[in-house]
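Student: With the input below, show me the fold.
(2 chains)
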Number of protein chains: 2
Amino acid sequence: MNNLNKGAILILSGPSGCGKSSLLKEMYKQIDNYYFSISTTTREIRTGEINGVDYHFVSKESFEADIKDDNFLEYATVHNNYYGTSLKPINKALEEGKLVIFDIDVQGHDLVRVKLDDLTTSIFITTPTLGELEKRLEFRGTDSLDVITNRIKNAKSEIKSLDKYDYFIINDDLDIASKELISIAIASTKKSRLFNKNNIIKSWLQ
Amino acid sequence: MNNLNKGAILILSGPSGCGKSSLLKEMYKQIDNYYFSISTTTREIRTGEINGVDYHFVSKESFEADIKDDNFLEYATVHNNYYGTSLKPINKALEEGKLVIFDIDVQGHDLVRVKLDDLTTSIFITTPTLGELEKRLEFRGTDSLDVITNRIKNAKSEIKSLDKYDYFIINDDLDIASKELISIAIASTKKSRLFNKNNIIKSWLQ
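Tutor: Numbering: from 1, shown residues only, chains lettered A, B, ... in the order given. Modelled structure (predicted):
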């Protein structure tokens, strides 16, 4: 029995280095019927990146045509490149009753909420302290010092938006934090506002 | 690190026979740091009932003194007996950061929400159909036909309030439904509005 009108949306935000990717990996072991939203971009594909996995890589012309046709849930320009979320696969996944998962920043979160607030549950994830975040970014060894400095600056600014989010997870222990994330993901599909109340009552009273 | 201002409240409602007790038993295996709210009543203690487990059994005079002193979160009169929820143990459990669990009806839910909405998460639980509820009540064999008829009548009326609740669980399969309940219980303690935002930001930016 599926009385859901549609699927649901789960947004994860949090500073780079807070452990979102590890948490998502744990979550995917436990939940199914989800769709992870992949952004579309006009920037060059980098070595090791896969089209359709890391991003949907498209031309500037194609992106601008989609803007004209109102095909984006949200988009932005960063360093002369477009980044955006195409509406089509999101709507398809929602129609199929899936949980649509976004890993986006505070600005993206706000834009999704404006359009699809009713379906949306959001989580802000951080490390216990800023020092711990810095340590993790250095330990990861993938970013230059400049990039790390910039990530820390962004993190300081983004933490101030945490009350825009429904949930707050401190990723101190991966086991605990992933259990919390999975719980919120399951709960996000059981919200009463996602159900068609009239259908439920009708079928229940039969 | 505990950045919660206070604990949280989880309300379970649903028709008698929907399986709340079995679900709660499963939940208690998985979560700790909770306090199950026990109602206070002036009705006679019945054979098999234990004071402080089934109810807090008190005299009419004591109950009325507590009403005067504004010591109830909510109370009602049923068949000349008082039933109510004392505020003191609830406040103590909240101060200790516990998850306070209520098994109350729609009317009780509404009264708790009025006073403690910010802390509250609520779940409406039903069987898949009304026929299934009837079957379970008959199978349980604890109620007379009159009582069952009355429970069905109440159930028909209560289902109409499901959109007052945050979550909706159809208890078709105990394993699935208890997983959903436990998920919602864990999620209910991670709501961002339960955290002291200023403390979080201050400690995080240190």
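
Student: Spell out which residues of chain A are next to chain B.
Tutor: A:1, A:3, A:124, A:126, A:128-131, A:156, A:159-160, A:162-163, A:165-170, A:172, A:179-180, A:182-187, A:190-193, A:195, A:197, A:200-201, A:203-206 (CB under 8 Å from any CB of the partner chain). Using the backbone N, CA and C atoms, a C-beta is placed for each residue, glycine as well.

Student: all helices for chain A, in order.
Tutor: Counting by DSSP state H, chain A has helices at residues A:20-30, A:60-68, A:87-95, A:106-116, A:130-140, A:145-158, A:174-188, A:197-205.

Student: Give me the below-cutoff pLDDT ranges for chain A.
Tutor: Low-confidence segments of chain A (pLDDT under 70): A:1-4.

Student: spatially speaking, which residue is in the middle of it?
Tutor: residue A:102 (1.8 Å; CA atoms, centre = their mean).

Student: From residue B:144, how far out is that one?
Tutor: Noted for residue A:102: a distance of 53 Å to residue B:144, by CB to CB, to the nearest Å.

Student: likewise residue A:13?
Tutor: Applying CB to CB, the value for residue A:13 to residue B:144 is 55 Å.

Student: The two - which one has more neighbours?
Tutor: residue A:13 (24 against 8; other CB atoms under 10 Å in any protein chain shown).

Student: Could you pull up the contacting residues of that one?
Tutor: Under the criterion of CB atoms under 8 Å, 6 or more residues apart in numbering or on different chains, the neighbours of residue A:13 are A:103, A:104, A:105, A:106, A:108, A:109, A:122, A:123, A:124, A:125, A:158, A:165.

Student: what do you get if the cut-off is 10 Å, keeping everything else the same?
Tutor: Shown in contact with residue A:13 (CB atoms under 10 Å, 6 or more residues apart in numbering or on different chains): A:20, A:102-109, A:122-126, A:158, A:161-162, A:164-165.

Student: Let me know which of the helices of chain A is tucked in deepest.
Tutor: Ranked by mean neighbour count, the helices of chain A are led by helix A:174-188 with a mean of 21 (mean count of other CB atoms under 10 Å in any protein chain shown).

Student: rewinding a little: didn't the residue nearest to the centre of chain A look like it was pressed against residue A:9?
Tutor: Yes: the pair residue A:102 and residue A:9 passes the contact test of CB atoms under 10 Å, sitting 6.9 Å apart.

Student: which residues are common contacts for those two?
Tutor: With CB under 10 Å, 6+ apart, residue A:102 and residue A:9 have common neighbours A:37, A:73, A:90, A:112, A:120, A:122.

Student: which one among these gets closest to chain B?
Tutor: Taking CB to the nearest CB as the measure, chain B lies nearest residue A:122 of the shared contacts of residue A:102 and residue A:9, at 8.8 Å.

Student: tally of neighbours for the nearest residue to that closest one once chain neighbours are set aside?
Tutor: Nearest residue to residue A:122 in three dimensions, chain neighbours excluded: residue A:11, at 4.1 Å (CB to CB, 6 or more residues apart in numbering or on different chains). By the criterion of other CB under 10 Å, residue A:11 has 26 neighbours.

Student: Could you do the one 5 residues further on as well?
Tutor: Under the neighbour criterion other CB under 10 Å, residue A:16 is assigned a count of 21.

Student: Quick check: phi and psi on it?
Tutor: Torsion angles at residue A:16 (phi, psi; degrees, to the nearest 10) stand at phi -60, psi 130.

Student: Not counting residues beside it along the chain, what's closest to it?
Tutor: Distance criterion CB to CB, 6+ apart; nearest residue to residue A:16, sequence neighbours excluded, is residue A:151 at 4.9 Å.

Student: Now for that neighbour: which residues touch it?
Tutor: Residue A:151 makes contact with A:15, A:16, A:17, A:133, A:134, A:137, A:143 under the criterion CB under 10 Å, 6+ apart.

Student: Looking at the residues you listed, spot the one nearest chain B.
Tutor: Chain B lies nearest to residue A:133 out of the contacts of residue A:151, by CB to the nearest CB, at 8.8 Å.

Student: Touching, residue A:178 and residue A:21? I think so.
Tutor: No: judged on CB under 10 Å, residue A:178 makes no contact with residue A:21 at a distance of 11.6 Å.

Student: just to revisit the earlier point, as JSON lines, the contacts of residue A:151 with distance to residue B:85 would be great.
Tutor: Output for those, formatted as JSON lines (distance: CB to CB, whole Å):
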{"residue": "A:15", "distance to residue B:85": "42"}
{"residue": "A:16", "distance to residue B:85": "46"}
{"residue": "A:17", "distance to residue B:85": "45"}
{"residue": "A:133", "distance to residue B:85": "43"}
{"residue": "A:134", "distance to residue B:85": "47"}
{"residue": "A:137", "distance to residue B:85": "49"}
{"residue": "A:143", "distance to residue B:85": "53"}
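
Student: Would you quantify the distance from residue A:118 to residue B:164?
Tutor: Counting by CB to CB, the gap from residue A:118 to residue B:164 is 16 Å.

Student: burial measure for residue A:56, as a count.
Tutor: Summarising burial for residue A:56: neighbours were counted as other CB under 10 Å, giving 17.

Student: And for residue A:195?
Tutor: Neighbour count of residue A:195, defined by other CB under 10 Å: 19.

Student: Settle this for me: it is touching residue B:166, isn't it.
Tutor: No: between residue A:195 and residue B:166 there is no contact under CB under 10 Å: 11.7 Å.
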